[in-house]
Structures are given as C-alpha cells and as structure tokens.
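**Student:** When you get a sec, could you give me coordinates for this:
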Amino acid sequence: MTTNAQTEVGFHARQHGRWHWSEFAFWIVVLAVGLAFPSRYLIMTEILRLALFALSLDLILGYAGIVSLGHAAFFGVGAYCAGLLSVHGLINEPVLALIVAGLAATVLGFATSFLVIRGADLTRLMVTLGIALLMEALAERFSNITGGTDGLQGIDIQPIFGVFAFDMFGKTGFFYALAVLFVLFLLARMIVHSPFGLSLRAIKNNPLRAAAIGIPVNKRLIAIYTVAAFYAGIAGALFTQTTALASLDVFSFERSADLVLMLVIGGSGYLYGGLIGAAVFRMLQELFQWITPQYWMFWIGLVLVVIVLVGRHRIHAYALWLPNLVLRQIAGRKAAVALTDNEAP
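**Tutor:** The predicted structure is shown next:
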C-alpha cells in the first residue's frame with residue numbers, strides 16, 4: 001500500500017513538473033527583450049537580480065509558509081563575501097566566488113533556521129527582522145573589514161572564465177545574471193515538483209496533519225530555509241559582481257520589504273510569481289519615479305491596493321485572455337483542416 005502511494009505521488013509530481021508552452025515562451029521573451037534593448041542592459045540586469053532574490057523568498061513563503069522580513073541578511077552576506085573575495089584576491093574567478101558567497105549565506109541560513117522555525121508567523125517576522133538588523137549592525141561595527149557607511153572599496157571583478165569581461169554598458173552582466181537565474185530556476189523547479197516539494201506544501205497547509213502522517217516537519221523547514229538562504233546569497237553576490245559595490249544598504253529593511261511587495265504583485269506559491277513581480281515592480285518604480293520623483297511610493301501603494309481589491313487571478317485572466325483566444329483559434333483551424341482531410345476521398 002505504501003509503495004503504491006509513493007508511486008502515485010511520484011506520478012503526480014512528474015505530471016506537474018512537465019514544461020508548459022507558456023514557460024518556454026516566458027524565457028524566449030526574456031532573452032528577446034535582452035537582445036532587442038541593448039541600451040537597457042543595466043536596468044534589466046537589476047531586474048534579474050531582483051527576480052532571483054524574490055525567487056529565494058518564494059521558496060520559503062510560497063511553498064513552506066515561512067514569512068520573513070529579514071531576507072536581506074543573506075543577500076548582504078553574499079554581497080560582502082563576493083566583494084571581500086575580490087578585494088583581497090582570494091578567488092578571482094567570478095563563478096567560483098559566486099558559489100562561495102552563496103555557501104557563506106547558506107551557513108548563516110542553517111545556523112538561524114533553528115530560531116526561525118520556532119513559533120508562529122509573528123514570531124518569525126520578528127526573528128528574521130532581528131537577524132537582518134543584527135547583521136547590519138555587525139557590518140557597521142567592523143567597518144575596518146566592510147568599509148562601514150562608505151562601503152567596500154577596491155572591488156575589481158575579473159572576467160568570467162578569464163574571457164568575458166564586465167563592461168560599463170552591462171552586456172556581460174546581463175547575460176551572466178540571466179544564465180545564473182535560469183540555472184537556479186531549473187534547480188528550484190526540480191525541488192518544488194519533487195516529493196520533497198510536495199511535502200512542503202503539505203506542511204504549509206497543515207503542519208500538524210503533515211507531522212501525523214510521518215513528514216519530519218522541522219527538518220523539511222530547516223532544509224528549505226537553508227536552500228533559500230543560498231539563493232539569496234547568490235543574488236547578493238550577483239549584485240556585487242555586476243555593480244562592483246557593497247555597502248550597508250544590502251542589509252536594509254527596505255530591501256526585504258520590497259521583496260514582499262514583489263511577491264504580492266506577482267503572487268507566491270508558483271516560481272514565476274517572484275520573477276514577474278520583480279519585473280513589474282522595477283518597471284513601475286522606474287515609471288513613477290520619472291512621472292513624480294517625490295511621490296512614486298504613493299503610486300506603488302495604490303497599485304498594490306488595486307491588486308488586492310481586484311484580485312491577482314482576475315488580472316492574470318485578463319492578461320492571458322488574448323493569447324488563449326489566439327491559441328484556441330489556431331487549434332480550431334487545425335482540427336477543421338484535419339477533419340476535411342479525413343473526409344476527402
């Protein structure tokens with residue numbers, strides 16, 4: 001009986017894990033936009049960094065139900081780690097430095113996960129916020145290492161694999177960030193569609209029932225929180241490598257709060273929500289800052305209110321109405337042609 005249940009779970013996981021046409025279209029559009037607007041590489045690179053950062057929060061909020069207001073702690077550790085490795089010449093290869101920075105954030109995530117899993121949502125909010133504030137205070141305290149309020153000085157990122165040098169226009173940085181985001185997205189997709197990912201959804205829906213059927217709730221939460229810290233650390237390292245900057249701002253509360261707003265816009269519990277939310281949030285921010293530089297936050301807040309009142313699913317349905325109509329028309333014509341061919345003598 002247990003074997004049959006495991007087989008059925010694996011079957012459903014594989015079914016949900018299959019790629020849909022819209023997913024292929026999404027990544028093709030992302031690449032096409034990058035090729036079509038070479039003058040906007042810098043802002044597009046920023047969107048990719050934010051998308052990876054939002055993806056890291058979605059792994060714990062959307063799939064495990066762990067709320068956080070201090071996710072910038074891991075972002076900041078990754079950013080400073082990548083910067084220090086560059087300044088002191090410890091690791092000159094950006095890809096290797098990226099992985100090491102992610103692992104540094106992973107260590108912090110694992111060490112603090114035991115505190116985060118204790119208590120309910122409000123407790124977790126306060127604990128995660130406290131961790132981020134503590135990391136910011138430590139970075140300011142040891143200003144001889146971090147540069148303090150002036151930031152880390154002398155960051156010089158070497159060419160990727162010794163071939164692709166970072167340029168002032170951001171072309172290398174864009175394709176580098178896109179490649180990192182895509183690889184980590186594939187990994188996250190494998191995780192959430194695996195039996196491990198299904199167990200996380202069970203824990204989010206009802207942790208007591210999940211524990212009753214034998215799911216090790218705490219171990220699962222510690223594991224996914226640690227993985228999310230790794231993703232956030234990679235996002236922070238990308239920030240440093242593509243901008244050659246690392247300052248106390250990487251630990252700021254605003255960075256964590258913006259992350260939550262991105263998931264409100266794009267939705268949580270499906271991986272593309274963070275990616276779409278990051279793109280929409282950054283473009284809205286750019287638009288409103290251009291229209292009203294002093295009051296752009298008011299308009300961002302108004303958009304969030306509209307999303308809450310109207311409903312994200314309804315907005316998505318309106319946005320996908322035309323593509324779905326076109327696909328239905330194409331499918332109908334193909335069926336009619338096939339029927340005519342079959343009836344012909």
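
**Student:** C-alpha from now on. contacts and neighbour counts both.
**Tutor:** OK.

**Student:** so where is the stretch 101-250 of the chain shaky, pLDDT-wise?
**Tutor:** By pLDDT under 70, the stretch 101-250 of the chain contains no weakly predicted segment.

**Student:** how does it look with 80?
**Tutor:** For the stretch 101-250 of the chain, the stretches with pLDDT under 80 are 119-121.

**Student:** so where do the helices sit in it?
**Tutor:** Secondary structure of the stretch 101-250 of the chain by DSSP state H, counting those that start in this stretch: the helices cover 121-141, 143-146, 171-192, 195-205, 207-212, 217-243.

**Student:** Distance to Phe164 for these - can I get that in TSV?
**Tutor:** Formatted as TSV, those follow (distance: least, Cα to Cα, whole Å):
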stretch	distance to Phe164
helix 121-141	31
helix 143-146	28
helix 171-192	7
helix 195-205	36
helix 207-212	47
helix 217-243	12
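
**Student:** Wasn't Tyr63 part of a helix?
**Tutor:** No. Going by DSSP: H, G, I helix; E, B strand; the rest coil, the assignment for Tyr63 is coil, not a helix.

**Student:** which phi and psi does it have?
**Tutor:** Main-chain torsions, Tyr63, degrees, to the nearest 10: phi -110, psi -30.

**Student:** show me what contacts it?
**Tutor:** Neighbour list for Tyr63: Val192, Gly197, Leu200, Arg201, Lys204, Ser268, Gly269 [criterion: Cα atoms under 8 Å, 6 or more residues apart in numbering].

**Student:** Would you mark the buried spots in stretch 177-197?
**Tutor:** Within stretch 177-197, the residues scored as buried using 16 or more other Cα atoms under 10 Å are 177-178, 180-181, 184-185, 188, 190-197.

**Student:** Now for these: which two are most distant?
**Tutor:** Farthest pair in the buried residues of stretch 177-197 (Cα to Cα) is Ala177 and Pro195. Separation: 29.1 Å.

**Student:** Compare the helices of the stretch 101-250 of the chain and give me the one nearest Gln289.
**Tutor:** Gln289 sits nearest to helix 217-243 of all the helices of the stretch 101-250 of the chain, at 21.2 Å, using Cα to Cα.

**Student:** ok, and for the helix or strand just after the closest one, which residues are buried?
**Tutor:** Sequence-wise, the next helix or strand downstream of helix 217-243 (DSSP states H and E) is helix 253-266. By 16+ other Cα under 10 Å, the buried positions in helix 253-266 come out as Phe253, Arg255, Ser256, Asp258, Leu259, Val260, Leu261, Met262, Leu263, Val264, Ile265, Gly266.

**Student:** ok, Ala64 - contacts?
**Tutor:** Neighbouring residues of Ala64 by Cα under 8 Å, 6+ apart: Leu200, Arg201, Ile203, Lys204, Leu221, Ile224.

**Student:** The first one is in contact with Arg220, isn't it?
**Tutor:** Yep, that's Leu200 we're talking about. Yes. With contact defined as Cα atoms under 8 Å, Leu200 reaches Arg220; the gap is 6.9 Å.
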